[in-house]
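> Structure of the sequence below:
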Amino acid sequence: MKTRLPALALLLAAALTAAAQITPKQVKQLDSYITSSLKAWHPPGLAVTVVQDGKIVFTKAYGVRNLDDPRPVDEHTLFVCASTTKAFTAAALAMLVDEGKVNWDDHVIDYLPEFQLSDPYITREITIRDLLTHRTGIGNTDYLWSWMQISGDSALYKMREVEPSYSLRAGFIYQNLMYLAAGRVIERASGLPWGEFLQTRLYAPLAMLETYPFYASVKDKQNIARAHVDYEGRTIGIAQAVADAIGPAGSMWSSISDMGKWIRFLLNKGVVNGDTLIRPASFNELFTPQQIIPPGEFYPTMALTRPHWTTYGLGWFQHDYRGRMVQFHTGSLPGMVALAGLLPEENVGVYVMGNLDHAELRHAIMYTVFDLAIDGKITRDWSSDFKTLYDELHAGAVQEEPPRVNGTTPALTPAMIVGNYQNPQFGTITISEGDKGLQFTLNNFVTGSLEHWHYDTYRVIFATKWYGKAMLTFHLNETGKTGYLETLGNKFIFVNTNKN
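Next comes the predicted model:
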């Protein structure tokens, strides 16, 4: 039996539907809001796209690609996608699930028999779904690609040296290397390299002609944004950090024009131009909550958005916002940011790209777009609120150096501490002596100099100034020789391998 809605209810429903559309007038409001918010966050460049009801309703670029060469950002300027790449890797696996080549709960070693972790049980039981949900029991191992110059395969090999941080599926710690393993599964199951699979199966059908799987493909292009950080009160350009070694976790580059096509494809549930690239069951699995995220592992924004629950899907963070489900993911490399956000119940999505380290205006833009879709107007100054929040967090996170005891001299002479110090996980610290005093090198990659602090503690002044500083203390062994060094704060131990 059908129930007929009263005429007043129909009118109200129509009015609510109309209010949920982002109109040209509201687009101008959004543009004005972003423009005014840029002053507080001061990214050199930013690009934003908004999609609703199958249409790209807003795309705009702001600022410049590079402060040292201030050509303007436009819709085709290339930015790093960073960890928003993970959604592409998950989508690629969904396609292979559709083809019957993999199943979400297949064991990883069925495809990668060489894959090994320190715990035989985890090695045997870990599944493809586990790789995508940061619940493998292995803590963060980003040092394998950010502190070392090794290949992705070498980084995966070294995972067998990492002790578990928690039991399999008993927690959540963000894990980039497991997405690299997921990319290797794609390669074994499809017979195509990960980047080529994305190119042929996703980029091409979506007409994403300005999207590339690796930095190596874009580094010489002219229309590319450059990374920047805030350092000692000013914004400076820095060398581009590269994530190609962990490609499936975060190496993609694209333009805001192309990312609008990606957001539209996601809101259209895996269909483009009438062609279903991902079947409904597999597509829905991507956005189904898979793993609860504890508050300490979620974004600081939750202090203001106050979600009742926080979860992770397959390549997507999730939480409730004003009674609706948000699907989103940030991407961050030093000097660059990205964010993809979906509010499926309002059929709206947003993508933000910028070239300043942790410019969290990206979050403010996402929630402002969501408010526009829900209310038809901007109801809160998220930019101001998040700026206050992140400024307070940054102030609290500044590492304090230990109180200095003046007038001390080291018991260990420079000749006694020169040499190599090894840690099974983190590699080798080399201390050498040159014309400019004691020098520091980590894995022949990160360099700096040592400044005596007090007793046998030294401050590391990194050659890349914006890295900040670190503290090392040298300790004697039972024979009266330098036995090891300890990093203050995190208490990592590097053992002296000198023979003398």
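> Off-centre distance for stretch 215-229?
Stretch 215-229 has its C-alpha centroid displaced from the chain centroid by 18 Å (Cα atoms, centre = their mean, to the nearest Å).
> residues making contact with stretch 64-75?
Stretch 64-75 has contacts (Cβ atoms under 8 Å, 6 or more residues apart in numbering) with 44-47, 59-63, 77, 223-226, 228, 235-237, 255-257, 355. For every residue, glycine as well, the C-beta is placed using N, CA and C.
> Show me the domain layout of this structure.
19-395, 414-496 (automatic domain parsing).
> In contact with residue 192: list those residues for me.
186, 200.
> Look at it and report its pLDDT.
pLDDT recorded at residue 192 is 98.
> which SS class is it?
coil (DSSP: H, G, I helix; E, B strand; the rest coil).
> Any idea which helix or strand in this protein has the lowest mean pLDDT?
The weakest-scoring helix or strand in the chain, judged by mean pLDDT, DSSP states H and E, is helix 7-19 (a mean of 42).
> can you give me how far the longest helix anywhere in the chain is from the chain middle?
Ranked by residue count and defined by DSSP state H, the top helix of the chain is helix 24-41. How far helix 24-41 lies from its chain's middle: 25 Å, per Cα atoms, centre = their mean.
> Could you do stretch 129-136 as well?
With Cα atoms, centre = their mean, you get 16 Å for stretch 129-136.
> Correct me if wrong, but residue 433 is in a strand.
Yes. Using three-state DSSP, the assignment for residue 433 is a strand.
> Give me the secondary structure label for the nearest residue to residue 340 once chain neighbours are set aside.
Of all residues not flanking residue 340 in the chain, residue 84 sits nearest, at 4.7 Å (Cβ to Cβ, 6 or more residues apart in numbering). Here residue 84 takes the helix state, with states given by three-state DSSP.
> any idea how far the closest residue to residue 224 other than its chain neighbours lies from residue 208?
For residue 224, the nearest residue in space outside its immediate sequence neighbours is residue 78; the separation is 4.4 Å by Cβ to Cβ, 6+ apart. For residue 78, the distance to residue 208 equals 12 Å [Cβ to Cβ, to the nearest Å].
> Give the intersection of the neighbour lists for the two.
residue 254.
> Is residue 88 in contact with residue 199, as I believe?
No. Residue 88 is beyond contact range of residue 199, at 10.7 Å (criterion: Cβ atoms under 8 Å).
> so residue 217 makes contact with residue 253?
Yes. Proximity of residue 217 to residue 253 meets the contact threshold set by Cβ under 8 Å, at 7.5 Å.
> Contacts only, for residue 182.
So residue 182 contacts 89, 90, 93, 128, 131, 132, 248 (Cβ under 8 Å, 6+ apart).
> picking up where we left off before, comparing residue 217 and residue 253, which residue is more hemmed in?
residue 253 (26 against 17; other Cβ atoms under 10 Å).
> Roughly how far does that one sit from residue 353?
For residue 253 relative to residue 353 (Cβ to Cβ), the value is 10 Å.
> next one: residue 317
Taking Cβ to Cβ, one finds residue 317 at 18 Å from residue 353.
> So for these two, which sits in the more crowded spot?
residue 353 (32 against 19).
> Spatially nearest residue to that one, not counting backbone neighbours?
residue 79 (3.8 Å).
> re the thing from before, are there residues contacting both of residue 253 and residue 353? Which ones?
With Cβ under 8 Å, 6+ apart as the test, residue 253 and residue 353 both reach 79, 80, 81.
> The first one contacts residue 252, correct?
No. Applying Cβ under 8 Å, one finds residue 79 not in contact with residue 252, separated by 9.9 Å.
> if we can go back for a sec, hmm, which of the contacts of stretch 64-75 are the buried ones?
44-47, 59-63, 77, 224-226, 228, 235, 237, 255-257, 355 (16 or more other Cβ atoms under 10 Å).
> And the next helix or strand past the helix or strand hosting residue 58?
Here residue 58, judged by DSSP states H and E, is contained in strand 55-63. Next along the chain after strand 55-63, taking DSSP H and E as the criterion, comes strand 78-80.
> Residue 167 is in what secondary structure piece?
Under the criterion DSSP H and E, no helix or strand holds residue 167.
> before we move on, what SS does the closest residue to it other than its chain neighbours have?
For residue 167, ignoring the flanking residues on the chain, the nearest one in space by Cβ to Cβ, 6+ apart is residue 137 at 5.7 Å. Classification of residue 137 using three-state DSSP returns coil.
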